[in-house]
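Trainee: any chance you could fold what I've pasted below:
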Amino acid sequence: IISLGGVGEIGKNMTVLEYGRDMIVIDCGVGFPEEDMYGVDLVIADMTYLVKNKQKIRGLFLTHGHADHAGGLKAIVDAFPPSTLYVSCLWDEETHDASVDEGWQKALDAGWNVRYLAAGDEVKLSQSARARVWNPSGDAAADINENCMVLSVQTGLSAALITGDLPMSCEKIPLPDCTV
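Mentor: Numbering: from 1, shown residues only. Okay, the predicted model is just below:
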């Protein structure tokens, strides 16, 4: 598990799960410039490692459409060949920030494959990895963070749980069998 941004800061959320010869990217958020960063509108995570290993990327999961999780999509589309975007089944019903909408349209125009996922869906990522979606359940009336994609990724004997911005008050809903 490699965090390229979003740890100890607000924004730039980007996590890489690397397993053998494969990797998936979870989120590609932007950060917001400091006061002394004149002329800078948005800040993205350092993608040097991804660029060096782009042949390993098997897909990009976007937990939800806020800029701090998906605002860097345009930079991803510019830097990498088309792959698969995995998004919530409610993605099209969410209100996105302008940077997210621009990146989304660019990804579609560039031929990125989109898979809409809901609770219970499973995705085979490679011979050694699969993902299971725990949230969203499909309640379009819920808040965007409450509908955030929650997924577990199993790679051999290891597993990772990704919760995005799911509020703690909602954790028992998609994860009833887990002790939180």
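Trainee: find the nearest non-adjacent residue to Asn145, please.
Mentor: In this structure, Asn145 finds its nearest non-sequential neighbour in Asp165, 4.5 Å apart by Cβ to Cβ, 6 or more residues apart in numbering. C-beta coordinates here come from the backbone N, C-alpha and C atoms, glycine included.
Trainee: isn't the one you found right up against His66?
Mentor: Yes. Between Asp165 and His66 there is a contact under Cβ atoms under 8 Å: 7.0 Å.
Trainee: the strands in the protein, which residues?
Mentor: Listed in chain order, the strands of the chain (DSSP state E) span 2-5, 14-19, 22-26, 30-31, 43-44, 57-61, 84-88, 113-117, 122-126, 129-135, 150-155, 158-162.
Trainee: name the helices or strands packed onto the last one?
Mentor: This means strand 158-162. Applying 3 or more Cβ pairs under 8 Å, 6 or more residues apart in numbering; DSSP states H and E, we find strand 158-162 packed against strand 14-19, strand 150-155.
Trainee: in the sheet, which strands lie alongside it, parallel or antiparallel?
Mentor: Sheet pairing for strand 158-162, assigned by DSSP bridges, gives strand 150-155 (antiparallel).
Trainee: neighbouring contacts of the partner strand?
Mentor: Under the criterion Cβ atoms under 8 Å, 6 or more residues apart in numbering, residues 17, 19-20, 24, 61, 63, 117, 125, 128-135, 159-164, 166, 174-175 lie in contact with strand 150-155.
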